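1. Pasting a predicted model and its sequence here:
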Amino acid sequence: MSSKVSYRDARRLLAGVGVMSSTPNSTLRAVLNELDGVQEKNDGWVAQCPAHDDEKPSLSVSEGDSRPVVLYCHAGCSFGEVADKLDTFSTDWKPWEGTEVARYSYDSTSGDTLFDVVRYEMRDEEHPACGDKQFMQQACLPDHEDAGRKGCPEGYVWGRVKHDVDPVLYRLPKVAEADTDGPTVFVVEGEKDVHTLEDWGLTATTNPQGAGEWESQHTEALGGAHVVILPDNDPQGREHGRMVAQEVLPVAESVRLVELPDLPKKGDVTDWASAGGTPEELKKLVDNAPLMSLDENGHDGGAKVIFWYVDENEEKIKIDRSQFIRFLEKHGFGKTYIESDLESRLVRVKDSVVRLTSIERIKDFTLRYIREALPEERELILPSRGDQHRTTTDYEPEDVADALLRGANVYFSSGLFEFLSPLDLDFHQDTAESAFFYFENGFVEVTADGYELRPYSEMNGVIWQDQIIDRPFRDLTDQKPAGWEWHEHLLNVTGREKQRHNALCTALGYLQHGYKDPAVTKAIILMDEKDTEVEEGRTGKSLTAKALQHTCPTLRVDGRNFSFNSRFAFQEVGVDTQIVDFNDVREEFPFERLFSVITDDFPIERKGQDRVTISFEDSPKFLLSTNYVIEGKGASFEDRTHQIEFSDHYGPDHTPKDEFGRRLFDDWDEKEWARFDNVMMASVRQYLKNGLVGYQHVNVDYRRLKQQTCPDFAEWATDFFETGEEYEKEGLWRSFREAYSPDYEDLSKSKFGHWLNDFARVYELDKKQRRRRKLNGDRKRYITFGSRA
């Protein structure tokens, strides 16, 4: 292992910890090199334990705060047994000898103790690990030859896994009593939290070894129960909570996932109770939490809506269209007029997430429901007579599918779905002062003061599916970004110039901020700094623009082949599109065609559909990348653009992969993605604090002057004129023609005058003209270029 590793937040559940005298990095690398099956997990490593026959890696390896290496065998091997198998063993290693402070017994359903989890703390103030805690497992095997030896109580031996003792749920006998009519079972992360809830008279459980160690037998134990999951307030805890929810949904009577409000980082229900939380408040949170369901896969999360019936005269199954509409609405389907007051779009809302849907997707959902959910019933359910649903053995679920297929043109038609209820969708949106980003483990609120990860329970409103970023967020504000690949990349492309780097970062922040300010209506333009006669590129513009696809809904458009002449040019733009990225636009790109949609509503025409208009507030922002200078003149152009030049740090002979040794985005691990997310959130914060920051352009003005006049005039004018000097206009015309004779013998005074105007506008100079009579009586025009106030 040659890369630097640091795992200060790794688990320290740690029997047999040793302290080594060599430096952390060298020691850790030496240990990892000796082990087999090494792989990263969370903020540390797992490997096959060398002290026993280990098919599944059970040895945790990490770096501690007070010692270079932390080792823990989950199968129960002692420190001495592990160290004896390592060549790096040294007499300088000091064993971990903590004080037992708590013991938690895990019992079978009959009440027999299977194993204990024991919590130890190091209280020796002279020990380098003082203050650390660790959890060790002891199997209850009274007949084992080692029972009561090596520091174990009578009847116990070290370890659970190596003795094949089942990892049952904590408080399993009480959990077994919690069926459909029994008490709610709270699933938490840790035995201490179980005791907190038991003190409130509640039934609670946890699995041994913490987050990520849920097993199928734990799921089976919760069959038929009403389950509430209370995750810890950290990424691993939230991910564990979601995983447990998905595992128990098929077998539990009901499942709710409740994220407790105002928890500190890594906080749990015990912390919440210590801060003043009460059983009554917890009950209210549970009651207000939505029931989770697996209806995405065809499972029903509540009372069934029966949309079929038996026509006894024709002796076959038929479809009740009214009930079919009710069935779809119960599962979140509806319509919205968000794009147009006249034409609706089909959507589905599930767990506060809105997805655009279609007739074809509704077909898929309905048939999956029939073929996957209904076969679980022994008999086909029929509409109720009185208070109870009836069943029949004369028909089966496939008969319902056949009825739908026979009438597919009716039951899956746009005409029928027009009867779906319109949904009043209250979207959770960015404001002038805040931007929001939606990760797997919560949403991040960014303001001018910073950014913070918050639980979804605090989010009011719904969001689009495309807004969800499919990775957890990890707050790294306590770390310096030096060395982070995305941070270094942004410095590289801006020539490591502070002001230009700030300009790019605020531009990225502006694009990611979903709020549309009528006073700030600009397209961001990324271009090359280098002025060459041939097209080169490869400076990192497209790669930088691509980053936005990883934080907000971005539509990338082929800029080279895009045509405004097509009626359907923007048909892929939707109400959930936040950025339109014109990638690699050509030199003659008609930027003025974007003027109206940058500053006003956005009309869109899609093939086979009526024209719709997205309001200015909901319309996307625009980004363009190019190897050229975008053509544009006048205040209208300047008011609608924010231009960033990319240095030539990268090029055909030196790519970002050459710089970092791997491809950005594609080859990143979780740590680098976390760093990327923090850099992007910081850019939004920077924009909200400072707005769009400008800088002194290197070649933008010169290249634009060349484009709008000619290369010779641009070269002559930038070298010839000085601000504040007065020049005779006709003399300038003659001087330029003579300097580049004979190429400009046909240059008219009028055209040359336009070039002078272009020069003043591009360089933002105040051009003043006046007439003055010479001694011979002739009146001459004089011009002066001055700096604008």
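-> On my side now, so go ahead. Numbering: from 1, shown residues only.

2. only C-alpha atoms for contact and neighbour calcs from this point on.
-> Fine.

3. And Arg781, how close does it get to Ser735?
-> 15 Å (C-alpha to C-alpha, to the nearest Å).

4. Same check on Gln696?
-> Distance of Gln696 to Ser735, given as C-alpha to C-alpha: 30 Å.

5. With neighbour numbers in mind, choose between those two.
-> Using other C-alpha atoms under 10 Å as the criterion, Gln696 and Ser735 rank with Ser735 on top: 13 against 8.

6. Which positions in the helix or strand containing Met680 come out as buried?
-> Using DSSP states H and E, Met680 maps to helix 670-690. The neighbour-count check on helix 670-690 (16 or more other C-alpha atoms under 10 Å) flags 672-688 as buried.

7. same deal with stretch 264-281?
-> Buried residues in stretch 264-281 (16+ other C-alpha under 10 Å): Gly267, Asp268, Val269, Thr270, Asp271, Trp272.

8. cool, stretch 164-179 as well?
-> So for stretch 164-179, counting by 16+ other C-alpha under 10 Å, buried means Pro167, Val168, Leu169, Tyr170, Arg171, Leu172, Pro173, Val175, Ala176, Glu177, Ala178, Asp179.

9. Next step: those restricted to strands.
-> Of these, none are assigned to strands by DSSP state E.

10. Which of the residues you listed sits closest to Ser60?
-> Pro167 (18.0 Å; C-alpha to C-alpha).

11. Find the nearest non-adjacent residue to the closest one, please.
-> Pro208 (6.5 Å; C-alpha to C-alpha, 6 or more residues apart in numbering).

12. Look up which helix or strand that neighbour falls in, please.
-> Per DSSP H and E: nothing holds Pro208, as it lies in no helix or strand.

13. So which of the buried residues of stretch 164-179 belong to helices?
-> Leu172, Pro173, Val175, Ala176 (DSSP state H).

14. Among those, which one lies nearest to Gly201?
-> Using C-alpha to C-alpha, Val175 is the member of those that sits closest to Gly201, with 13.6 Å.

15. what ranges do the strands span in the stretch 601-750 of the chain?
-> 602-604, 612-614, 621-626, 641-646, 726-728 (DSSP state E, counting those that start in this stretch).

16. before we move on, what about the stretch 201-350 of the chain?
-> 203-205, 226-229, 254-257, 308-311, 316-319, 333-336, 345-350.

17. likewise the stretch 1-150 of the chain?
-> 36-41, 44-48, 59-62, 70-73, 99-107, 113-121, 133-140.

18. What pairs with the third one, parallel or antiparallel?
-> When pairs are called by DSSP bridges, strand 59-62 turns out to pair with strand 44-48 (antiparallel), strand 70-73 (antiparallel).

19. Any stretches of the stretch 651-789 of the chain with poor pLDDT?
-> Counting by pLDDT under 70, the ranges of the stretch 651-789 of the chain that qualify are 774-777, 789.

20. separation between the residue nearest to Pro167 and Val165?
-> For Pro208, the distance to Val165 - C-alpha to C-alpha - is 12 Å.

21. Contacts only, for Ser344.
-> Residues near Ser344 by C-alpha atoms under 8 Å, 6 or more residues apart in numbering: Lys335, Thr336, Tyr337, Ile338.

22. pretty sure the first one is touching Glu343, no?
-> No: with contacts counted by C-alpha atoms under 8 Å, Lys335 stays clear of Glu343, the gap being 9.6 Å.

23. Looking at the two, which one has more neighbours?
-> Between Lys335 and Glu343, counted using other C-alpha under 10 Å, Lys335 has the larger neighbour count: 24 against 15.

24. can you pull up the bridge partners for that one?
-> Using DSSP bridges, the bridge partners assigned to Lys335 are Leu346, Pro422.

25. Starting from Pro603, give me the distance back to it.
-> From Lys335 to Pro603 the distance is 20 Å (C-alpha to C-alpha).

26. tell me the pLDDT at Asp271?
-> With respect to pLDDT, Asp271 scores 94.

27. Check the gap between it and Leu765 for me.
-> Applying C-alpha to C-alpha to Asp271 and Leu765 gives a distance of 63 Å.

28. Report how many residues lie close to the closest residue to Ala51 other than its chain neighbours.
-> Once flanking residues are discounted, Ala51 sits nearest to Val82: 5.2 Å by C-alpha to C-alpha, 6+ apart. By the criterion of other C-alpha under 10 Å, Val82 has 20 neighbours.

29. just checking, Val82 touches Cys49?
-> Yes: contact criterion C-alpha under 8 Å: Val82 and Cys49 qualify, at 7.2 Å.

30. picking that back up, could I get the strands of the stretch 601-750 of the chain as TSV with distance to Asp320?
-> TSV is the format used below for those (distance: least, C-alpha to C-alpha, whole Å):
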stretch	distance to Asp320
strand 602-604	37
strand 612-614	33
strand 621-626	46
strand 641-646	57
strand 726-728	88
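
31. mean pLDDT for those strands: which is lowest?
-> The minimum mean pLDDT among these belongs to strand 612-614 (a mean of 87).

32. same for that one, what does it pack against?
-> Counting contacts by 3 or more C-alpha pairs under 8 Å, 6 or more residues apart in numbering; DSSP states H and E, strand 612-614 packs against strand 602-604.

33. Put together a markdown table for the strands of the stretch 601-750 of the chain, with mean neighbour count and distance to Tyr120 on each row.
-> Formatted as a markdown table, these follow (neighbours: other C-alpha atoms under 10 Å; distance: least, C-alpha to C-alpha, whole Å):
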| stretch | mean neighbour count | distance to Tyr120 |
| --- | --- | --- |
| strand 602-604 | 19 | 64 |
| strand 612-614 | 18 | 61 |
| strand 621-626 | 24 | 56 |
| strand 641-646 | 24 | 56 |
| strand 726-728 | 16 | 86 |
